[in-house]
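>>> take this sequence and fold it.
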Amino acid sequence: MDIDLLKTFVEVVKTRHFGRAAENLYITQSAVSFRIRQLEQSLGVNLFIRQRNNIQLTAPGERLLPHATMILTGMQRAKVDVALANNMHKQLSLSGTPNIWDAFLQFGINNIVAAMPGVSLVAEVKAQQESTRLLLERTLDLAVLFDPPKVDELVVEPIRDLPIIPVSTFECEDALAFFNNQYVYVDWGTAFSLWHAKQFAGTTPPYFRTSTGRIALDLIMQCGGSAFIPQALAQDMIEQGKLFHIDCVDQVSREIFIAYHKDNEQKEQIETITSLLMSLK
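Numbering: from 1, shown residues only. Got it, this is the predicted structure:
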């Protein structure tokens, strides 16, 4: 099957628009339409329901999407493997969610690269569900996650706790002041959501919600406010007096896990990365 046809299909799915897909692929809109027709003819099914300003996947299109994504990911990885520099003999792919990168992985990636000179490292930002799928498809070697996937084929190990502390640009005297001063809710995963709902039931609803700690921190630094932020991210600003650690509000920690396929052949490299991440302060 022509890879360009699959690329075009995936791009149309992402944009839900033939014109925008054409712009992203640097081809004409008629070329996009032609490629989709070719793919549909080769498979003998319609992949899209075409309505004005509303392109939806058919049931066969929905079934094709994960396979197309897996094929494209595998091809990209194969290209990288074949093109490894002469001094590189292995490739290892690592993913983390945006929050994991902001609060944890960014502080250890230099150590990982330095400790693995013969390895071509691919580091990516992936959502939890996508990382789990790629691990199962064997197109991702290692994922760093808050909520461990409960899948028999995957090995999951805890590596450390991440302290998440209540901070504010205001000197809050109590929890009420903390939540009433432009409180920004950050989604730190399922366990945090359950803890938060139990601990702070009945408090003022947040004026802003985000899935990323970095967005929350930047927002409260620019506009004022309160949020639960990883101590590693907030510590410098606390020491500079730009943020206050609100001691009267309970803090929490999130356990960080690594996950990899039980049949992964790069166990030695995975163990090296695990040890380095566990040693991070």
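
>>> wait, residue 104 touches residue 213, no?
No. Counting by C-beta atoms under 8 Å, residue 104 stays clear of residue 213, with 10.3 Å between them. (C-beta placed from N, C-alpha, C; glycine too.)

>>> quick one: low-confidence residue ranges for this structure.
Within the chain, the stretches falling below the threshold (pLDDT under 70) are 1, 79-89, 281.

>>> how distant is the longest helix seen in it from the center of its chain?
Longest helix of the chain, by residue count under DSSP state H: helix 59-82. With C-alpha atoms, centre = their mean, to the nearest Å as the basis, helix 59-82 stands 19 Å off its chain's centre.

>>> just the buried positions in it, please.
By neighbour count with 16 or more other C-beta atoms under 10 Å, helix 59-82 contains the buried residues 61, 64, 65, 68, 69, 70, 71, 72, 73, 77.

>>> give the contact list for the third one.
Counting by C-beta atoms under 8 Å, 6 or more residues apart in numbering, residue 65 touches 9, 10, 13, 57.

>>> with the fourth one instead?
With contacts defined as C-beta under 8 Å, 6+ apart, residue 68 is in contact with 6, 9, 10.

>>> ok, so what distance separates the closest residue in space to it that isn't next to it in sequence from residue 169?
Excluding the flanking residues, the one nearest residue 68 by C-beta to C-beta, 6 or more residues apart in numbering is residue 6, at 4.5 Å. Distance, residue 6 to residue 169, by C-beta to C-beta, to the nearest Å: 48 Å.

>>> could you dump the strand or helix carrying residue 34 to CSV, C-alpha only?
For residue 34, the host element (DSSP states H and E) is helix 29-43. What follows is helix 29-43, C-alpha atoms only, in CSV (Å, rounded to 0.1, in the frame of the first residue of the first chain):
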residue,chain,number,x,y,z
GLN,A,29,-6.6,19.9,-2.8
SER,A,30,-7.4,17.9,-6.0
ALA,A,31,-4.3,15.7,-5.2
VAL,A,32,-5.7,15.0,-1.7
SER,A,33,-9.1,14.0,-3.2
PHE,A,34,-7.4,11.8,-5.8
ARG,A,35,-5.3,10.0,-3.1
ILE,A,36,-8.3,9.4,-0.9
ARG,A,37,-10.2,8.0,-3.9
GLN,A,38,-7.2,5.7,-4.8
LEU,A,39,-7.1,4.4,-1.2
GLU,A,40,-10.9,3.8,-1.1
GLN,A,41,-10.7,2.0,-4.4
SER,A,42,-7.8,-0.2,-3.3
LEU,A,43,-9.7,-1.1,-0.1
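
>>> with that, I have no additional questions.
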